[in-house]
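> Show me how the following folds:
(2 chains)
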Amino acid sequence: MNRRSTKLVALGATVGLAAFALAGCAPAAGGGDASGDGTTITWWHNGTGEPLKSFWEDVADEFEADHPGVTVKVEAFQNEDLQRTLIPNALQAGGDAAPDLFMVWAEGEIKAQVEAGYLKDLSGLTDVVESVGGAGTGWNVDGKQYGIPYRYGIEGIWYNADLFEKAGITEPPATFDEFGDAIEKLSASGVSPVGVGAADGWPAAHWWYQFAIKTCSPESLEKAADTLDFSDPCFVEAGENLKAWMDSFDGDLPFQSNPTSTPAQSVPNSSAGLLASQATAMELMGTWHRGEVAKLVPGAPADNPPAPEWLAWMPVPDIEGAEGAPGAALGSGDAWGVYADAPDETLDLLEYVMSEDVQKRFAATGEIPTVAGAEAGITDPVLKQIADGTVGASLVVTWLDTQYGPVIGQAMNDAIVALMFGDGTPESVPDAMNAAAATL
Amino acid sequence: MTALETAGPAVTAGPAPRIERRPTRRNTRKWGEISLFAGPAVLVYVVFVLLPVVLAAYYSFFNWNGLGPLDRFIGLDNYTRLLADPVFHRSVYNNFFIIVLSLLIQGPLAILIALLMNRPLRFRGLLRALIFVPYVLSEVTAGLAWQILLQSVPPARWGPVDTLLQAIGIENPPAWLADPDVVMWTMFGILTWKYLGLAIILMLAGLSGVPEELYEAAALDGAGWWKTQWYITVPLLGPTIRIWAFLSIIGALQLFDMVWIVTGGGPLNASSTMAVYMVKNGLNVTQIGYGSAVAVVLFLISLVIALVYQRFALRRDLAGAITGGVR
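Take a look at the predicted model:
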């Protein structure tokens, strides 16, 4: 090929590219969602499994029936794809490519989206904002509400009541000392007491978060979240307390062997799978864990697997004499946000989705709702316990990695795994967090 | 004068367009054909290869989370941060660890097995098929299977592979995936299991190209089997070995999926590779600028290695295809 023809092909390619780009951008530049006569609302969520997938589709159908001319396009995507790829790309592309109603994640993430101007201020929906109460705090940016949580709960210790009974534990432990005794008894009975999926980082890190909220005063936590400065000595102390607690047991205890190669979910050899197959007796996890464990029980049906009867839940006990607020808990939830240029009907849809009736039915599918009054829909005693625990907590702190954003979050989680199972020190955790904060 | 003046141009202007027009028409047609055949490929190459490379290089100078405008130019900060990060050092080390071990162990092993399987052998077809099976399996399936086989099941410390080893007298097998000092050897073992079949098939294909007369001549000269292989087969297998080594090096540099499935780069980042590091610290934490800097460094390392390798190792094999252009 000679040089002239190379140029020509390059020119052809450029023209082709330009045409390609124009074709891609033209509808996007138009903006808005009005297509012909009616309005189309696009709604993205992560409920790919049943019963949630059909539930949201039913809700959309009901809304369409009440609003002639409005079409609701509901689409379910796998969580990580939705959160990390689809939503950021769609928002960046804007216009028609962006969904109108979609999931937003609390604190650091929603803040970045608000700063980029992608989200509609929902403060005007006063009834909805009030109905979820304190649960909405994580989606409030500079006094304005940009996300409405529809699911919210605190994490706790999921345990196997049968194995507890076999080990001779009659009452769930109420203090950290009793918790230690229970671990010794379970170990003596031949099971691995606590499972942790440290290969994924965050499940191990949640132990440090628990020690942090029990060691640091609420004021220290709030200041750290505001300034992203983690030099408060309580963060080092939290690591020291965690390490001292772990060192008070023999060998691998309180955790199972080889935690750093154990993933958290989805596969039989994950920590959720170990709990499901009764190889471990306890695991610290959020409200979603019930479904995760149910899926992995050996022989469980693929559709709507029931939670095993032995699966019970208790709040994480307080550490006696620590600085942290007694009764403080870690938790978070999932929320809906609305795209800045979404059609006005989207707000009506959001109001309907967050109505007491829909939330009550949502609760009946095995979820913990946020709207006051909807908890009446919870039929399951374990979920009822978590809902009561969430309401009863003196303070609910959002997951620290969510709160500080993904960059600090990942550095923190990595440093915590190194502290717990590698050569990290209590100091290296806040050091890594401060170093990550400097790159923001 | 005037006659000449008017006649002059008429004569020169007449043929001139004719001379130019004919080649132009032919050129247009030639260019048309070239654009028709090469156009789609060039377009795909530009849109999905060149453009992303250029964009990544551009993004790498910004502190950008992927949302909103690119307005925080930070110069080379992403690169200085990257080059100072011990986890990135470990990742680069791991990539080269796999390259070196592949070349030193996988290559000779594949040649040896190919030589053995090239002889008349009972069940040769079946053996070839069996050796190739791991390569056909999807990466994710194979990775999950290995993870389950190697993972310990509490309360005992041992997994299925350990139990097997204990049955043959190895009392204390290492923690395959949980020990930071062992995990890369485990990864190399899995990768060898997965990719040895491809290497063997390539070598077998290369072997079939060695002319039979050379073996006959060697036999007449009284050369033994090993001597024949060393002086005839291996040199003639050169082009195949060099191409395999090239594929192996590039594969090792891009190593991602198997590591991501089996260890996720853990424990404690001990099995992280450059691509794993890029996904973990770029995409997953939405530091697109930083991730782009990792991509650029990975691209440069791959490019340099590929160019050096082509210049020195593949020169003879590619002679004519790349070095001399077709006019």
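
> Look up how far residue A:412 lies from residue B:270.
19 Å (CB to CB, to the nearest Å). Heads up, the C-betas are built off the backbone N, CA and C, glycines and all.

> can you check residue B:262 too?
25 Å.

> hmm, back to that, out of residue B:270 and residue A:412, which sits in the more crowded spot?
Between residue B:270 and residue A:412, counting by other CB atoms under 10 Å in any protein chain shown, residue A:412 is the more crowded of the two (27 against 22).

> Distance from the chain centre to whichever helix or strand that one is part of, please.
Element membership for residue A:412 (DSSP states H and E) is helix A:406-421. How far helix A:406-421 lies from its chain's middle: 17 Å, per CA atoms, centre = their mean, to the nearest Å.

> Stretch A:348-361 now?
The answer for stretch A:348-361 is 21 Å, by CA atoms, centre = their mean.

> Could you pull up the residues touching residue A:111?
A:141, A:405 (CB atoms under 8 Å, 6 or more residues apart in numbering or on different chains).

> My read is that residue A:160 contacts residue A:311, right?
Yes: the pair residue A:160 / residue A:311 is scored as a contact, 7.0 Å apart, by CB atoms under 8 Å.

> So for these two, which residue has more residues nearby?
Higher neighbour count among residue A:160 and residue A:311: residue A:160, with 24 against 19, using other CB under 10 Å.

> where does the chain have low pLDDT?
No chain in the question, so chain A it is. A:1-37 (pLDDT under 70).

> let's do chain B instead
B:1-23, B:155-157, B:318-327.

> Point to the residue nearest the middle of it.
Taking CA atoms, centre = their mean, the centroid of chain B lies closest to residue B:250, which sits 2.6 Å from it.

> Give the full set of residues in contact with the residue of the stretch 1-150 of chain A found nearest chain B.
Per CB to the nearest CB, residue A:116 is where the stretch 1-150 of chain A lies closest to chain B, at 3.4 Å. Residue A:116 makes contact with A:91, B:67-68, according to CB under 8 Å, 6+ apart.

> now the helices for the stretch 1-150 of chain B?
B:2-13, B:15-45, B:51-59, B:77-84, B:86-101, B:107-117, B:124-136, B:139-150 (DSSP state H, counting those that start in this stretch).

> residue in the stretch 1-150 of chain B nearest to chain A?
residue B:68 (3.4 Å).

> That residue reaches residue A:117, doesn't it?
Yes: Residue B:68 is within contact range of residue A:117, at 7.2 Å (criterion: CB under 8 Å).

> Which residue of the two possesses the greater neighbour count?
residue B:68 (16 against 12).

> what's the closest non-adjacent residue to that one?
residue A:116 (3.4 Å; CB to CB, 6 or more residues apart in numbering or on different chains).

> got it, and residue B:260?
In space, residue B:260 is closest to residue B:276, 6.1 Å off (CB to CB, 6+ apart).

> check which helix or strand covers that neighbour.
Residue-wise, residue B:276 maps onto helix B:274-278 under DSSP H and E.

> Can you name every helix or strand that that helix contacts?
Using 3 or more CB pairs under 8 Å, 6 or more residues apart in numbering or on different chains; DSSP states H and E, the elements in contact with helix B:274-278 are helix B:86-101, helix B:288-312.

> can you list contacts of it?
B:87-88, B:91-92, B:95, B:253-256, B:259-260, B:264-265, B:291, B:294-295, B:297-298, B:301.

> Neighbours of the residue nearest to residue B:81 when sequence neighbours are not counted, how many?
Leaving aside its chain neighbours, residue B:81 sits nearest to residue A:439 (6.4 Å; criterion: CB to CB, 6+ apart). For residue A:439, the neighbour count with other CB under 10 Å is 18.

> Could you look up the next helix or strand downstream of the strand or helix carrying residue B:202?
Using DSSP H and E, the element containing residue B:202 is helix B:183-207. Sequence-wise, the next helix or strand beyond helix B:183-207 is helix B:212-220, with elements assigned using DSSP H and E.

> Go through that next one and flag the buried ones.
Applying a neighbour-count criterion of 16 or more other CB atoms under 10 Å in any protein chain shown, one finds B:215, B:218 buried in helix B:212-220.

> circling back: what's the offset of the helix holding residue B:276 from the middle of its chain?
15 Å.

> Okay, buried residues for it please.
Those would be B:274-278, for helix B:274-278 by 16+ other CB under 10 Å.

> again with stretch B:185-204
Applying 16+ other CB under 10 Å to stretch B:185-204 flags B:186-188, B:190-192, B:194-204 as buried.

> returning to that earlier point: quickly note the distance from the residue nearest to residue B:81 to residue A:301.
For residue A:439, the distance to residue A:301 - CB to CB - is 47 Å.

> got it, and residue B:54?
From residue B:54 to residue A:301 the distance is 51 Å (CB to CB).

> Check residue B:240 too.
51 Å.

> Look at those two and report which has more neighbours.
More crowded of residue B:240 and residue A:301, by other CB under 10 Å: residue B:240, with 20 against 10.

> what comes up buried for the helix or strand harbouring the more buried one?
Assigned by DSSP H and E, residue B:240 belongs to helix B:238-253. Neighbour counts using 16+ other CB under 10 Å place B:240-246, B:248-249, B:252-253 of helix B:238-253 among the buried residues.

> Just the closest of the residues you listed to chain A, please.
residue B:252 (22.1 Å).

> contacting residues for that closest one?
Per CB under 8 Å, 6+ apart, neighbours of residue B:252: B:95, B:98-99, B:102.

> swap in residue A:359?
So residue A:359 contacts A:150, A:369-371, A:374, A:377 (CB under 8 Å, 6+ apart).

> Of these, which is the nearest to chain B?
Using CB to the nearest CB, residue A:150 is the member of the contacts of residue A:359 that lies nearest chain B, at 23.2 Å.

> Pull up the gap between that closest one and residue A:358, please.
9 Å.

> Verify the contact between the residue nearest to residue B:81 and residue B:287 for me.
Yes: the criterion here is CB under 8 Å, and residue A:439 meets it with residue B:287 at 7.4 Å.

> if I look at these two, which residues touch both of them?
With CB under 8 Å, 6+ apart as the test, residue A:439 and residue B:287 both reach A:407, B:63.

> Near chain A, which residues of the stretch 51-200 of chain B are found?
B:63, B:65-68, B:81, B:144, B:147-148, B:150-157, B:175-178, B:180, B:183 (CB under 8 Å from any CB of the partner chain).

> List buried residues within those residues.
Looks like these have B:63, B:65-68, B:81, B:144, B:147-148, B:150-155, B:157, B:175-178, B:180, B:183 buried, using 16+ other CB under 10 Å.

> Run through the residues that contact the nearest residue to residue A:415 once chain neighbours are set aside.
Closest residue to residue A:415 apart from its sequence neighbours, by CB to CB, 6+ apart: residue A:432 at 3.8 Å. Residues in contact with residue A:432, defined by CB under 8 Å, 6+ apart, are A:411-412, A:414-415.

> and which of these is nearest residue B:170?
The closest of the contacts of residue A:432 to residue B:170 turns out to be residue A:414 (CB to CB; 32.7 Å).

> The closest one touches residue B:266, doesn't it?
No: in this structure residue A:414 lies outside contact range of residue B:266 using CB under 8 Å: 9.4 Å.

> Wait, residue A:113 touches residue B:67, no?
Yes: counting by CB under 8 Å, residue B:67 is a contact partner of residue A:113 at 6.2 Å.

> Check the contact lists of these two and give me the overlap.
residue A:91.

> picking up where we left off before, distance of the residue nearest to the centre of chain B from residue B:302?
7 Å.

> before we move on, what about residue B:161?
Residue B:161 sits 33 Å away from residue B:302, going by CB to CB.

> likewise residue A:135?
Taking CB to CB, one finds residue A:135 at 48 Å from residue B:302.

> When those two are compared, which one has more neighbours?
residue A:135 (27 against 16).

> For the more buried one, which residues are in contact?
Counting by CB under 8 Å, 6+ apart, residue A:135 makes contact with A:149, A:152, A:333, A:370, A:396.
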